[in-house]
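Peer 1: the amino acid sequence is not available; the structure is as follows:
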């Protein structure tokens, strides 16, 4: 004889189903509010007349678009070159398709890459990086490093957090 | 956020399509329609997840579909008037032996399928059917006329006994076979344990396999 649910067992089963549904609602609500990504965040830092603003993904998942926008401004205008330093970890997490404008020169060390740009007219320079998260990216939390270099020294630096979801 | 919206939109479209194509297509899938259904599933997956192959994305889509399904069933239960819109309504296709031609035409249902449904219920003649209903899931329910119902019940009993005696040891005093375990154990005759009470007669022992057909007369 198969086991047949009596009323209180059915009641208990209904309650368990409700708990499961509440969990599903929670997951979907988290997604709708952007807790599960993709969430973009803008961080800003200023020092010595330089202002660096980076808009980058804060929470994301593998294989999704992850565009980055770097805005550099200087009250007194730029000199003959603008140099940006980016941590190599950026290229470990992201597949970079395009950097616009393209840097006029690139140099690199073991952990960082330096891009040198021709200065634009005015006081603001924006660099857009069209990138996508690597598909087989492992979940974790990391920091992307961006810095403006002036005379070989870091003028202003930002390290926005990047949360990778499975 | 985006993936949840895409999943919700595709859920609504799939629901709309299944309501529009009609019940027959849901219940009676040909090989072509089955392939088409699989292809539609693949297209839905592409449009919902796009390039998001992440575990989180998969969980979100499944959770969205599950919640929308539960929501639809809740609305259908809570507000009975919405049931015909959400699930559709059963349709009577044959009444007291007379097929409703117009309904059959509306449902794009050939007479052959109705006959097939009757045969599946052990009925040869449509005149023996009191009511045939095309249910919301595309299946048929055939209610035989009273006399037909009795015959049907008897046939079921006979089939039940035959099935039982086929697979068990021959211990029936009447020469038949007694079932060891069966669904109609309680109704079994005491005198003739090979049969249920309603049937009353022992079945002859089952001839061993390979003997061929019994000669007539």
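Peer 2: Alright, I've got the coordinates. From a predicted model like this one, the values you see are computed outputs, not experimental measurements.
Peer 1: in chain B, what residue lies closest to chain A?
Peer 2: residue B:54 (3.8 Å; C-beta to the nearest C-beta). Where you see a C-beta, it was placed from the backbone N, CA and C, and this is true even at glycine.
Peer 1: pretty sure that residue sits against residue A:62.
Peer 2: Yes - with contact defined as C-beta atoms under 8 Å, residue B:54 and residue A:62 form a contacting pair (5.1 Å).
Peer 1: need the residues touching each of the two.
Peer 2: Counting by C-beta atoms under 8 Å, 6 or more residues apart in numbering or on different chains, the shared contacts of residue B:54 and residue A:62 are residue A:166.
Peer 1: got a list of what residue A:131 touches?
Peer 2: Contacts of residue A:131 by C-beta under 8 Å, 6+ apart are A:65-68, A:94-97.
Peer 1: report pLDDT for residue B:151.
Peer 2: Per-residue pLDDT puts residue B:151 at 68.
Peer 1: can you show me the helices along chain A?
Peer 2: A:7-32, A:89-93 (DSSP state H).
Peer 1: and chain B, by the same measure?
Peer 2: B:2-21, B:23-27, B:31-49, B:55-78, B:83-86, B:101-106, B:111-120, B:146-166.
Peer 1: which of the ones you listed sits most buried?
Peer 2: For the helices of chain B, the largest average neighbour count (mean count of other C-beta atoms under 10 Å in any protein chain shown) is found in helix B:23-27, namely a mean of 18.
Peer 1: quick check: mean pLDDT across that helix?
Peer 2: On average, helix B:23-27 scores 59.
Peer 1: over to stretch B:119-134?
Peer 2: 86.
Peer 1: now what about it, what contacts it?
Peer 2: B:23-24, B:27, B:90-97, B:99, B:107, B:109, B:114-115, B:117-118, B:140-146, B:148, B:152, B:155.
Peer 1: and that stretch, how far apart are its ends?
Peer 2: Using C-alpha to C-alpha, to the nearest Å, one end of stretch B:119-134 lies 15 Å from the other.
Peer 1: picking up where we left off before, highest neighbour count among the contacts of residue A:131?
Peer 2: residue A:66 (25 neighbours; other C-beta atoms under 10 Å in any protein chain shown).
Peer 1: isn't that one up against residue A:60?
Peer 2: Yes - counting by C-beta under 8 Å, residue A:60 is a contact partner of residue A:66 at 5.6 Å.
Peer 1: joint contacts of these two?
Peer 2: A:38, A:133.
Peer 1: separation between the residue of chain B closest to chain A and residue A:165?
Peer 2: 7 Å (C-beta to C-beta, to the nearest Å).
Peer 1: and what of residue A:12?
Peer 2: Counting by C-beta to C-beta, the gap from residue A:12 to residue A:165 is 34 Å.
Peer 1: more neighbours: which of these two?
Peer 2: Neighbours were counted for residue A:12 and for residue A:165 using other C-beta under 10 Å; residue A:165 has more, 19 against 11.
Peer 1: ok, now which ones touch the more buried one?
Peer 2: A:36-37, A:59-61, A:139, B:54, B:56.
Peer 1: same thing with residue B:136?
Peer 2: B:23, B:87-90.
Peer 1: same deal with residue A:164?
Peer 2: A:60-62, A:93, A:133, A:137-142.
Peer 1: can I get the helices of chain A in TSV including distance to chain B and mean pLDDT?
Peer 2: Output for those, formatted as TSV (distance: least, C-beta to the nearest C-beta, whole Å; pLDDT from 0 to 100):
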stretch	distance to chain B	mean pLDDT
helix A:7-32	4	88
helix A:89-93	14	87
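Peer 1: most tightly surrounded among the ones you listed?
Peer 2: The highest average neighbour count among the helices of chain A, using mean count of other C-beta under 10 Å, belongs to helix A:89-93 at a mean of 16.
Peer 1: counting by contacts, list what that helix packs against.
Peer 2: Packing contacts for helix A:89-93, counted by 3 or more C-beta pairs under 8 Å, 6 or more residues apart in numbering or on different chains; DSSP states H and E, involve strand A:140-143.
Peer 1: can you name the residue of chain A nearest chain B?
Peer 2: For chain A, C-beta to the nearest C-beta, closest residue to chain B: residue A:61, 3.8 Å.
Peer 1: hang on, that residue packs against residue A:38?
Peer 2: Yes - between residue A:61 and residue A:38 there is a contact under C-beta under 8 Å: 7.1 Å.
Peer 1: need the pLDDT of the residue sitting nearest the centre point of chain A.
Peer 2: Nearest to the geometric centre of chain A sits residue A:57, at 2.7 Å (C-alpha atoms, centre = their mean). For residue A:57, the model assigns a pLDDT of 91.
Peer 1: which residue sits closest to it, ignoring its sequence neighbours?
Peer 2: Excluding its sequence neighbours, the residue lying closest to residue A:57 (C-beta to C-beta, 6 or more residues apart in numbering or on different chains) is residue A:66, at 4.5 Å.
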